[in-house]
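> next input, structure requested:
(one chain, ligands or ions: 1)
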Amino acid sequence: FPEDLPEKATVVRARQAGGSEVFETAEVPLPEPGPGQLLVQTRAAGVNFIETYQRSGVYSVEYPFVPGSEGTGTVLALGEDVEAFHIGQRITTTEAATGTYASHFLVDAAKAVPVPDEITDEQAAALPLQGATAHYLVNSTYRVSPGETVLTHAGAGGVGQILTQLLKAKGARVITTTSSAEKAEIAQAAGADHVLSYDNFAEKVREITNGDGVPVVYDGVGRDTFTGSLDALAVRGTLVLFGGASGPVPPLDLQELNRRGGLYVTRPALHWYLRNAEERSWRFTELFALMSARELKLSIGGSYPLADAGRAHGDLESRRTTGKLILIP
Ligand code: NDP
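Now for the predicted structure:
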């Protein structure tokens, strides 16, 4: 165990449920890695929508709460029985054991992913949570086939830009939505074939698909788009509701799925798709390979000092951002 470690770590935590003003910066004892764990010095912490749900109280957590399960950094110390990692190694994770809105965090070695040399720190920081999400959505929740036309919302967003690129790499035709002309350009640059505004998007999707509708909709917007997403589906189509950036979706009468053509609806989350080492390794190996081949380029939409986590949340919630947001300690 190295002797020259700092005694303290800096964390950003939510004092209570509320707006972005509930965040405070605090000094806490440096966490100690337990058996099988790594202590990591954070180079970048990912900001994700889920942390806004946890901060605001939409998801229940215990306060004070240090958010963040996604982090990229350098291994500073190893707990007992860690053999696969060494001090100084770069790792990234979506499954940290302690909050990553912090100068240091702990992660089980089994849930840490080594970063290949050719991947820059910035690219590594932008990848894991949104990348793994996009990967399971197109490969596991619904397996997209070449030539299929699919709809994915918020195409300039963090998940949206990656999803579009993975769909294009699979040979699909991508329709997406955005709320502004600037965002439409970004979605197009990510490879989208058709970029729509949210107004009457289902009707426009039917026009593009000669009245058929699409076999799958990836919907992370939720409340505002859900009904339109159902309207945009082909007979026996699948609605993948993977988030609620505009708010939660009200209860659904299942008979509605029959009336609309025997539809499927699923509400997945990343942890159901990172169930073991093989699954984790498969997803990250493919994502890193696509990045090395330049078929997947990640865009950092905002980089904030750790202490400005509240501002990052405010920007994300008010739809001002595109791409990935990161916090730098
Ligand atoms: P984004 O960068 O996509 O930001 C959210 C985007 O949603 C906004 O930029 C905005 O784009 C759009 N949006 C539409 N309506 C609203 C609204 N009322 N308020 C705010 N935004 C709105 O975020 P992420 O990429 O981090 O996440 C996207 C979605 O994916 C979220 O719902 C998140 O919870 C979900 N997610 C789910 C995971 C899972 O495993 N289930 C894992 C990771 C993320 P525009 O202005 O163009 O409409």
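
> the one helix or strand T52 maps to packs against which elements?
With elements taken from DSSP states H and E, the one containing T52 is helix 49-56. Judged by 3 or more Cβ pairs under 8 Å, 6 or more residues apart in numbering; DSSP states H and E, the packing partners of helix 49-56 are helix 309-317. C-beta here means a position set from N, CA and C on the backbone, and glycine is covered the same way.

> what pairs with the helix or strand that the helix it packs on is followed by, parallel or antiparallel?
Using DSSP H and E, the helix or strand that directly follows helix 309-317 along the chain is strand 324-328. Sheet pairing of strand 324-328 (DSSP bridges) gives strand 37-47 (antiparallel), strand 300-305 (parallel).

> out of those, deepest packed?
strand 37-47 (a mean of 25; mean count of other Cβ atoms under 10 Å).

> got any ranges where the protein has weak pLDDT?
For the chain, applying pLDDT under 70 flags the ranges 1.

> what does it put close to the ligand?
Neighbours of the ligand within the chain, by Cβ under 6 Å from any ligand atom: 48-50, 129-130, 133, 154, 156-160, 178-179, 183, 220-221, 224, 242-246, 268-270, 316-317, 319, 321.

> could you list which of these belong to helices?
Counting by DSSP state H, the residues of the chain next to the ligand place F49, I50, L129, Q130, T133, G158, V159, G160, K183, L316, E317 in helices.

> show me what contacts the first one?
By Cβ atoms under 8 Å, 6 or more residues apart in numbering, the contact set of F49 is G220, G243, A245, L316.

> and the second one, how far from G99?
Between G243 and G99 the computed distance is 20 Å (Cβ to Cβ, to the nearest Å).

> buried ones in the helix holding T52?
In terms of neighbour count (16 or more other Cβ atoms under 10 Å), helix 49-56 has its buried residues at F49, I50, E51, T52, Y53, Q54, R55, S56.

> and the angle for that helix with strand 37-47?
With axes from the mean of the first three to the mean of the last three Cα atoms, to 10 degrees defining the directions, helix 49-56 sits at 90 degrees from strand 37-47.

> report the angle between helix 49-56 and helix 309-317.
Using the same axes, to 10 degrees: helix 49-56 against helix 309-317 is 120 degrees.

> moving C-terminal of helix 49-56, what's the next helix or strand?
Assigned by DSSP H and E, the successor of helix 49-56 is strand 71-78.

> list the neighbouring strands of that following strand plus their orientation.
Assessed with DSSP bridges, strand 71-78 is paired to strand 37-47 (antiparallel), strand 90-93 (antiparallel).

> between those strands, which one is closest to A187.
With Cβ to Cβ as the criterion, A187 lies closest to strand 37-47 of these, at 20.1 Å.

> kindly export that closest one (C-alpha atoms) in PDB.
Output of strand 37-47 as PDB, limited to C-alpha atoms (Å, rounded to 0.1, in the frame of the first residue of the first chain):
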ATOM      1  CA  GLN A  37     -11.100  -2.900  -4.700                       C
ATOM      2  CA  LEU A  38      -9.000  -0.200  -6.400                       C
ATOM      3  CA  LEU A  39      -8.500   3.400  -5.100                       C
ATOM      4  CA  VAL A  40      -8.700   5.700  -8.100                       C
ATOM      5  CA  GLN A  41      -7.600   9.300  -8.500                       C
ATOM      6  CA  THR A  42     -10.300  10.800 -10.600                       C
ATOM      7  CA  ARG A  43      -9.300  12.500 -13.900                       C
ATOM      8  CA  ALA A  44     -12.900  13.000 -15.000                       C
ATOM      9  CA  ALA A  45     -16.300  12.200 -13.600                       C
ATOM     10  CA  GLY A  46     -19.200  11.700 -16.000                       C
ATOM     11  CA  VAL A  47     -22.400  13.700 -15.500                       C
END
